[in-house]
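Peer 1: build me a model from this:
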Amino acid sequence: NAYSCNCSAGVIAYVGMPEALISKCSTNINFVCETTGMDDIHGKLSNTGGIVGTCSPATSCTIENCSSSGSMNVWQCAAGIIGRHEKGTLNITNCYSTSDILGYSGLGGIIGQSKSGLTVNITKSFAWNPSIVAFRDGNDKYSSAAFAGCISGTNTISGCFRSPDLQFSDPFRTIQTHAD
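Peer 2: Prediction:
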């Protein structure tokens with residue numbers, strides 16, 4: 001269990017080296033953000049991933065052949081593989097998650113949030129999460145989704161799937177097809 005921190009992960013909380021390769025990792029996590037309500041939750045347990053919390057390399061971060069299971073009850077920018085991508089190019093290949101994710105915003109089965117203008121390449125990965133539930137309000141800028149929560153920039157997602165049985169909830173978004 002992890003309680004009250006800003007970068008949490010099943011394997012590596014923060015990656016900041018010039019080039020990073022995270023390979024053949026598997027975790028069963030239980031992240032819990034203990035709060036007394038909405039006013040207490042800000043700044044707690046964000047940037048949370050089943051494998052990597054935050055990736056901020058100078059050039060590239062590659063996550064391959066990794067998986068996560070378990071559950072997350074967090075604030076924002078959380079996902080089964082990586083919570084937040086801040087710099088450089090992110091490559092995710094042959095990864096999957098079966099984690100239940102509950103939080104405020106920026107939630108995804110594989111990636112929670114990537115800063116604007118960055119490059120994200122995801123191939124042959126599976127978001128087989130039983131549930132992803134966001135409880136954000138209308139003032140929040142990070143959407144949540146079955147596969148990738150909030151990403152913009154140059155993105156390539158190919159050969160990837162999400163569970164057709166996913167229980168998804170975001171007050172400002174609905175999932176209508178398996179392709180989102």
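Peer 1: contact partners of stretch 21-30?
Peer 2: The contact list for stretch 21-30 (CB atoms under 8 Å, 6 or more residues apart in numbering) reads 1, 10-12, 15, 50-52, 61-72, 99. Just so you know, the C-beta spots here come from the backbone N, C-alpha and C atoms, and that holds for glycine as well.
Peer 1: residue nearest the centroid of this structure?
Peer 2: The residue lying closest to the centre of the chain (CA atoms, centre = their mean) is Ala79, at 2.2 Å.
Peer 1: got the contact list for Cys66?
Peer 2: Counted by CB under 8 Å, 6+ apart, Cys66 has contacts Val11, Ile22, Ser23, Lys24, Cys25, Ser26, Ile51, Ile81, Cys95.
Peer 1: how many neighbouring residues does the fourth one have?
Peer 2: The criterion is other CB atoms under 10 Å. On that basis, Lys24 has 9 neighbouring residues.
Peer 1: state the pLDDT value of it.
Peer 2: Looking at Lys24, its pLDDT is 97.
Peer 1: quick revisit: list the contacts for the residue nearest to the centre of the chain?
Peer 2: Taking CB under 8 Å, 6+ apart, one finds 48-50, 97, 101, 107-112, 148-149 in contact with Ala79.
Peer 1: could you list which of the contacts of stretch 21-30 belong to strands?
Peer 2: Among these, DSSP state E puts 12, 15, 52, 61-64, 67-72, 99 in strands.
Peer 1: of all the residues you listed, which comes closest to Asp140?
Peer 2: Taking CB to CB as the measure, Asp140 sits nearest to Met72 out of the ones in strands among the contacts of stretch 21-30, at 17.6 Å.
Peer 1: so how far is Glu86 from the closest one?
Peer 2: 19 Å (CB to CB, to the nearest Å).
Peer 1: which one of these two is surrounded by more residues?
Peer 2: Met72 (30 against 19).
Peer 1: isn't the more buried one up against Asn47?
Peer 2: No: counting by CB atoms under 8 Å, Met72 does not reach Asn47; the two are 11.6 Å apart.
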